[in-house]
Every structure is written in C-alpha cells, then in structure tokens.
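Novice: next come a sequence and a model predicted from it.
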Amino acid sequence: MTERILSWHSNPSKPAYTPPPGAVDAHCHVFGPMAQFPFSAKAKYLPQDAGPDMLFALRDHLGFSRNVIVQASCHGTDNAATLNGIAVSDGKARGVAVVDPAISEAELEALHAGGMRGIRFNFLKRLVDDAPKDKFLEVASRLPEGWHVVIYFEADILEELRPFMDAIPVPLVIDHMGRPDVRQGPDGADMKAFRNLLDSRDDIWFKATCPDRLDPAGAPWNDFANAVAPLVADYQDRVIWGTDWPHPNMQDAIPDDGLLVDMIPRIAPTEALQRKMLVTNPMRLYWPEELRAGS
C-alpha cells in the first residue's frame with residue numbers, strides 16, 4: 001500500500017493577529033476519514049486522515065468562526081467527505097464540490113441542500129488527468145441559482161484559459177490568484193496578466209492565499225506580502241482568504257498555520273480591508289441569505 005502523507009503542522013502556533021468576529025476560512029479541505037470516506041482510485045496522493053473534528057479545532061485555535069470546505073482532488077467527484085464536514089459544522093461551514101460534468105439537476109440540488117455553493121475546475125495536470133472545457137461549460141450553465149465556479153490553474157496557462165473563463169456564465173473565484181510568481185513583485189508579468197483577467201469582468205473573485213506554495217523563500221514569505229498587498233488593496237471587494245489546511249502535497253514544506261494567519265495584516269493592513277476579506281466578501285459568496293436577513 002502507498003504510504004499515507006502527512007502535510008499539516010501537528011502543533012501550529014497561536015497567531016499574533018486576531019481575526020474580526022465572524023471571520024471565514026474560505027479555503028480549506030477535509031481528508032476522509034478514509035475508513036468512512038475512501039479516497040478516489042485516481043488520487044495522485046494518499047493523505048492521512050484530516051477530518052472535520054481537526055478542521056474545526058484548528059478554526060477555533062486560529063480565531064475563525066466559519067469554514068468553506070473545498071472538495072480535495074484526492075476524493076475525486078465523490079463529495080461525501082466534504083458534505084459530512086458541512087453537516088457536522090452546526091451551520092458554520094459551506095462547501096465547493098467537484099462533480100462529473102454529466103451530473104443531473106437533481107444531484108446538483110442535493111449538493112445545494114447539503115451546503116455546496118459552487119463547483120471547482122482543476123487544471124493542474126499533476127492533480128487531474130482530464131479537464132474537458134466543453135463539458136465544464138455545459139455544467140456551469142445549469143448550476144443552482146447563486147452558485148459560482150472555482151478555477152485552479154497555474155500562471156503559465158492563464159492566457160490559454162481566457163476564452164474558457166470568458167464563456168463561464170456565473171461568477172468565478174480564482175484559487176491562489178492563479179499561482180503567480182510572486183518573486184516578480186507586484187508589477188511583474190504574472191500579476192499584470194492576473195489584473196487584466198480581473199479587469200475583464202467585475203464578477204471574478206480571488207483567494208489571496210498560499211504564501212507557503214507561492215513564495216519559495218519560505219516564512220515569513222516577504223515576496224508574497226510585497227506582491228499581493230497591492231492586489232488586495234485594488235480589488236478589495238472581490239478578495240477572500242483561507243488557510244488551505246491540511247495543505248495538500250506540502251509534506252516537504254509544511255507551513256505553520258499561525259504564521260499563515262499572521263500574513264493577513266501584511267496584505268490587508270486596515271481593519272476595514274480585513275473585514276471585507278475575511279467576513280463581508282465570503283459571506284456574500286457563501287451565506288448571502290444571512291447578509292440579506294441582516295440588512
């Protein structure tokens with residue numbers, strides 16, 4: 001049997017930064033537990049169990065109030081583990097699914113009832129074997145009302161994906177800013193191309209996430225802070241944030257989640273900006289009915 005991978009910190013520090021009340025960790029995952037929710041036969045990695053109990057303990061430790069659980073590629077299109085995480089969250093989690101494009105309307109409605117609010121398209125070849133754009137567009141055209149599409153890609157294929165993204169008829173959320181080379185700085189080619197994408201539609205959101213993935217110099221991830229802070233400032237109504245716990249495929253450079261949280265005030269230096277990134281914006285995407293009820 002393939003050795004199971006541990007990719008998360010066993011004792012993350014307590015962050016120096018305190019998130020505002022109602023803060024949402026808007027990008028995290030659950031793995032298994034495998035005995036209850038087996039991993040996909042096509043999985044490119046086999047992680048150790050990282051179930052909802054661990055996720056919610058981390059949420060509380062870091063000072064967050066809610067989670068958005070994104071279906072991890074190791075579970076394929078079987079969303080049972082993510083749905084379970086939402087179901088046991090006491091209303092404090094919503095989710096993003098990965099689906100077979102041939103999914104039926106009834107199955108989509110069942111996902112909606114289970115707390116899903118979007119679907120994810122993954123274009124990282126090392127994680128998925130097949131990313132059929134035509135089938136993705138078809139399923140994107142019949143999502144439940146209020147859903148969005150999350151897209152994960154690397155900067156070198158951004159231009160190739162532009163016609164596909166232009167054709168998606170619902171809001172888009174870009175994982176990890178499309179993985180720019182943050183060493184280029186805020187005015188580098190990758191950031192300029194990403195800004196062009198954001199400027200092309202006013203319903204494209206992004207996650208200012210994963211300094212541990214994007215900044216090879218390691219903590220405290222100064223290149224990430226330098227490159228990303230101007231982006232957050234300029235698109236402050238379309239940015240969300242998350243830990244990416246349990247950090248799939250980061251077993252060789254496991255980040256301290258407390259230090260990840262301490263990146264927040266470096267890329268969003270004012271309380272107003274922090275509140276938008278951590279509360280208002282993710283609530284608009286994932287709990288809009290609560291915002292409407294409170295308005």
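Specialist: Nice, I can see it. Residues are numbered from 1 along each chain as shown.
Novice: CA only for contacts and neighbour counts going forward, please
Specialist: Fine.
Novice: for the lengthiest strand in the chain, packing partners?
Specialist: In the chain, taking DSSP state E as the definition, the longest strand is strand 116-122. On a contact count with 3 or more C-alpha pairs under 8 Å, 6 or more residues apart in numbering; DSSP states H and E, strand 116-122 meets strand 93-97, strand 148-152.
Novice: what pairs with the first one, and is each one parallel or antiparallel?
Specialist: Yep, that's strand 93-97 we're talking about. Its sheet considered, strand 93-97 pairs with strand 66-70 (parallel), strand 116-122 (parallel) by DSSP bridges.
Novice: as TSV, these with mean neighbour count would be great.
Specialist: Converted to TSV, those look like this (neighbours: other C-alpha atoms under 10 Å):
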stretch	mean neighbour count
strand 66-70	26
strand 116-122	23
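Novice: now those strands as a markdown table including mean pLDDT and distance to residue 287?
Specialist: Output for the strands paired with strand 93-97, formatted as a markdown table (pLDDT from 0 to 100; distance: least, C-alpha to C-alpha, whole Å):
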| stretch | mean pLDDT | distance to residue 287 |
| --- | --- | --- |
| strand 66-70 | 98 | 10 |
| strand 116-122 | 96 | 9 |
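Novice: residue 223 is nearest to which of those?
Specialist: strand 116-122 (25.5 Å; C-alpha to C-alpha).
Novice: now the angle from that closest one to strand 148-152?
Specialist: Counting by axes from the mean of the first three to the mean of the last three C-alpha atoms, to 10 degrees, strand 116-122 lies at 30 degrees to strand 148-152.
Novice: helix or strand right after strand 116-122?
Specialist: helix 133-140 (DSSP states H and E).
Novice: buried stuff in that next one?
Specialist: By 16 or more other C-alpha atoms under 10 Å, the buried positions in helix 133-140 come out as 136, 137, 139, 140.
Novice: which ones are touching the nearest residue to the first one once chain neighbours are set aside?
Specialist: Counting by C-alpha to C-alpha, 6 or more residues apart in numbering, residue 136 lies nearest to residue 101, which is 6.0 Å off, once chain neighbours are set aside. Applying C-alpha atoms under 8 Å, 6 or more residues apart in numbering to residue 101 gives the contacts 135, 136, 138, 139.
Novice: check what pLDDT residue 205 gets.
Specialist: With respect to pLDDT, residue 205 has a value of 98.
Novice: contact partners for it?
Specialist: Per C-alpha under 8 Å, 6+ apart, neighbours of residue 205: 171, 172, 173, 174, 198, 238, 239, 240.
Novice: how about the fifth one, phi and psi?
Specialist: Right, the one you point to is residue 198. phi -60, psi -40 (degrees, to the nearest 10).
Novice: residue ranges in the stretch 1-150 of the chain under the pLDDT threshold?
Specialist: Counting by pLDDT under 70, the stretch 1-150 of the chain shows low-confidence ranges at 1-2, 126-131.
Novice: so which of the strands paired with strand 93-97 gets nearest residue 189?
Specialist: The nearest among the strands paired with strand 93-97, by C-alpha to C-alpha, is strand 116-122 at 22.6 Å.
Novice: please save the CA atoms from the closest one in PDB.
Specialist: Only the C-alpha atoms of strand 116-122 are listed here, as PDB (Å, rounded to 0.1, in the frame of the first residue of the first chain):
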ATOM      1  CA  MET A 116     -22.500  23.400  -1.500                       C
ATOM      2  CA  ARG A 117     -22.400  26.800  -3.200                       C
ATOM      3  CA  GLY A 118     -20.000  26.200  -6.100                       C
ATOM      4  CA  ILE A 119     -18.100  23.700  -8.200                       C
ATOM      5  CA  ARG A 120     -14.300  23.600  -8.800                       C
ATOM      6  CA  PHE A 121     -12.500  23.100 -12.100                       C
ATOM      7  CA  ASN A 122      -8.900  21.900 -11.600                       C
END
